[in-house]
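*Asks:* Sequence and predicted structure, then a few things I'm wondering about:
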Amino acid sequence: MHGALLQDQAPDPCGYGIRAVAPSRRAPRGRAARSTDRGGPTTGPGRAPRPRARQRATERAMARGLQRARRRLNAGEFTPHPGWRHFIEAGYRVLTSQTEALADIARRVDDEEWRTDKRHSWALILRRLVLHMDWTTGLITGLTAERLGEAGARAPRTVSRVLAWARDSGLVVVVEAGATAEFLGTDTNRTPTYALVTDRPLPSPKATAPSPLSPVDESGDLPTSNVSSKPLTDGRRAQPTPQPRWPSHAVPGNPGERNAATFTLVSRLGLDGRQAGKIEIWRARAILKTWWDQGACIAGILHAVDHHPDRPDRNRGDACRGADDPLRVLAHRLKPWRGRLNELPRGVVGHRIQVTPPPVPRPAPQVICPADRRAARDAARAALAAHLDDLRERRRAAQ
C-alpha cells in the first residue's frame, strides 16, 4: 500500500528536464533519408484503437518482410529492397555516374580541414564505394567493412566513422541495413545496401561542336543556324577572378591565407595558365598544408624544391618541366626536408607577420549604349550586303 502511494506521488522526470529515453545521436540511414516512422498500422477511421490488434499486424508485417528478405538472399543475387527509392528524402537524387560521384566526394573531402593521412585514407574508402556502384541504379551492395578497410588500410572501426560522416553530411543513405544469418534464418549474413545521393541539380550537357565536314553553301546565303543565333547580343565573356598574391617570406596561418599562398606558389612554379589542367588544387592544398603548419614560406619551399639538404650547393633542376604529375614530383622533392626546415638558409626563412591582402582589382564593366549597338548592327548588315553583292557579281561574270 505504501509502495503504491509512493509510486503515485513520484514526480515526473520530464518535468525537471530529464529525458526518460535519450534520442539517437545519429540517424541510422542518413541525413538524406526519408523518415519511415508513421506509427505502424492503424485500425481504420472511426474505430477505437486496439493495441493488441496493432501488435499482431506489426508482427505479421515483420514475418512477411523476413520471408521476402530470406528469399532474396537465398536467390544468390544482390537484389535490394523493392521500395528502396521511398527511403530517400525528396530533393535528393541518386548518383549513377561514377565520374560525378568521384567529383562530389573530392569536393566534400576538400571542404574538410583534415590531416593529410586522414584525407588520403578516407578518400580511398569512399572511392571504393564508388567503384562498387551499380551502373543502372547506383546502389552499392555486397561490400563488407573489411574490404572497405583494406582500400584505405584502416580498421573496421575507422570504416564505421567514415560511413557515419558520410551519412551525416548527406552523401550516403543506407537504403537497407545489414542483418545477421541468425536473424534472417539463412546461411550467410546480409551486407548493407548504400546509395550515394546529392541535392545538386543534374550537370548540363556540354554543347557539341559542329562537324567540320558539313557541306558548304556556295549560294551566298547564310545558313539557318547562324541566322537564328543572333550573334550581335549583349553577351560578354566572363572575366576570370584574379587570386590575391601572397608575400614570399610570410607564413600563412588561417585557411584563407594558406589558400592564397598555395595559389601563389603554384603560379611561381609555372603550373598556372595552360599547365593548370595537370594539377588538382585540392591535392596541392593537402600537400602544402603540413609545410605551412611547420612554418615554411613560399621562398623556403622554392629553395627546398631546388636543393637537397644533404647537397645544398647543387641545384636539382626544374621539378615540373615535362612531368605528368607535377604534384607528386613536388612531394618527392620536399620529402628529404621533413623535420629539417631549420637547415634552410637565413634568406628564405619564413616569418609570421600580419598580412593585409590588397584589394583585388576588378575590371570596370563596359557599358554599351543602345546607339552603339544599333550602329554596330547596321555596319554588320551593310558589310553582309556588300559581301553578298560581290558573290552575285562573281557568279554572273563566270556565266
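*Replies:* Cool, the structure landed.
*Asks:* Could you use CA atoms for every contact and neighbour count after this?
*Replies:* Will do.
*Asks:* Would you mind measuring from the residue nearest the centre of the chain to H120?
*Replies:* Among the residues of the chain, the smallest C-alpha distance to the mean C-alpha position (C-alpha atoms, centre = their mean) belongs to D104, namely 2.2 Å. Look at D104 and H120: by C-alpha to C-alpha, to the nearest Å, they are 15 Å apart.
*Asks:* what does V162 give?
*Replies:* When V162 is compared with H120 (using C-alpha to C-alpha), they lie 12 Å apart.
*Asks:* Could you do P28 as well?
*Replies:* Taking C-alpha to C-alpha as the measure, P28 and H120 are separated by 26 Å.
*Asks:* Show me the strands in the protein, by range?
*Replies:* Under the criterion DSSP state E, the chain contains strands at 93-94, 139-140, 172-176, 193-198.
*Asks:* what's the first one packed up against?
*Replies:* Pointing back at strand 93-94 there. For strand 93-94, the contact count by 3 or more C-alpha pairs under 8 Å, 6 or more residues apart in numbering; DSSP states H and E identifies strand 193-198 as packing neighbours.
*Asks:* Tell me which residues of the helix ranked longest in the chain come out buried.
*Replies:* Determined from DSSP state H, the single longest helix within the chain is helix 370-398. By 16 or more other C-alpha atoms under 10 Å, the buried positions in helix 370-398 come out as L388, L391.
*Asks:* now that helix: how far from the chain's centre is it?
*Replies:* Average the C-alpha atoms of helix 370-398, do the same for its chain, and the two points are 50 Å apart (C-alpha atoms, centre = their mean, to the nearest Å).
*Asks:* So for it, mean pLDDT?
*Replies:* Mean per-residue pLDDT for helix 370-398: 83.
*Asks:* Then stretch 292-300?
*Replies:* Taken as a whole, stretch 292-300 has a mean pLDDT of 89.
*Asks:* Distance across that stretch, terminal residue to terminal residue?
*Replies:* Terminal residues of stretch 292-300 lie 10 Å apart, using C-alpha to C-alpha.
*Asks:* Sketch out the low-pLDDT regions of the stretch 151-300 of the chain for me.
*Replies:* 204-243, 273-278 (pLDDT under 70).
*Asks:* rerun that using 50 as the cut-off
*Replies:* 210-219, 221-222, 224-229, 232-235, 238 (pLDDT under 50).
*Asks:* picking that back up, which of the strands of the chain sits closest to R115?
*Replies:* Each of those was checked against R115 via C-alpha to C-alpha, and the shortest separation belongs to strand 172-176, namely 22.2 Å.
*Asks:* could you say what helices and strands that closest one packs with?
*Replies:* Helices and strands touching strand 172-176, as assessed by 3+ C-alpha pairs under 8 Å, 6+ apart, comprise helix 156-168, strand 193-198.
*Asks:* In CSV, list those along with mean neighbour count and distance to E89.
*Replies:* As requested, the helices and strands packed on strand 172-176 are arranged in CSV below (neighbours: other C-alpha atoms under 10 Å; distance: least, C-alpha to C-alpha, whole Å):
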stretch, mean neighbour count, distance to E89
helix 156-168, 18, 13
strand 193-198, 23, 10
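*Asks:* Identify whichever of the ones you listed lies nearest to T356.
*Replies:* Nearest of those to T356, taken as C-alpha to C-alpha: helix 156-168 at 35.7 Å.
*Asks:* Give the other helices and strands that the closest one contacts.
*Replies:* Judged by 3+ C-alpha pairs under 8 Å, 6+ apart, helix 156-168 is in contact with helix 116-131, helix 145-152, strand 172-176.
*Asks:* could I have that helix exported to CSV, CA atoms only?
*Replies:* Once side chains and other backbone atoms are set aside, the C-alpha atoms of helix 156-168 remain, and they are given as CSV (Å, rounded to 0.1, in the frame of the first residue of the first chain):
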residue,chain,number,x,y,z
PRO,A,156,36.7,-1.6,-39.5
ARG,A,157,36.0,0.9,-36.7
THR,A,158,37.5,3.6,-38.9
VAL,A,159,35.2,2.5,-41.7
SER,A,160,32.3,3.0,-39.3
ARG,A,161,33.4,6.5,-38.7
VAL,A,162,33.7,7.2,-42.4
LEU,A,163,30.2,5.9,-43.1
ALA,A,164,28.9,7.9,-40.1
TRP,A,165,30.4,11.1,-41.5
ALA,A,166,29.0,10.3,-45.0
ARG,A,167,25.5,9.7,-43.6
ASP,A,168,25.6,12.9,-41.5
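*Asks:* can you list contacts of that helix?
*Replies:* For helix 156-168, the external contacting residues (C-alpha atoms under 8 Å, 6 or more residues apart in numbering) are 26-27, 29-32, 122, 125-126, 145-146, 148-149, 172-173.
*Asks:* what do you get for stretch 59-77?
*Replies:* With contact meaning C-alpha under 8 Å, 6+ apart, stretch 59-77 is reached by F78, T79, H81, L184, G185, T186, R190.
*Asks:* Could you measure from R167 over to G300?
*Replies:* Between R167 and G300 the distance is 41 Å, computed by C-alpha to C-alpha.
*Asks:* now the contacts of stretch 59-77 as a markdown table including distance to R328?
*Replies:* Formatted as a markdown table, the contacts of stretch 59-77 follow (distance: C-alpha to C-alpha, whole Å):
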| residue | distance to R328 |
| --- | --- |
| F78 | 39 |
| T79 | 41 |
| H81 | 44 |
| L184 | 49 |
| G185 | 51 |
| T186 | 49 |
| R190 | 40 |
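*Asks:* Name the nearest of those relative to D324.
*Replies:* F78 (39.8 Å).
*Asks:* domains for the protein, by residue range?
*Replies:* Following automatic domain parsing, one gets these domains for the chain: 86-198, 255-348.
*Asks:* Dump those domains to JSON lines, plus distance to R392.
*Replies:* Written out in JSON lines, the entries for these read as follows (distance: least, C-alpha to C-alpha, whole Å):
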{"stretch": "domain 86-198", "distance to R392": "53"}
{"stretch": "domain 255-348", "distance to R392": "45"}
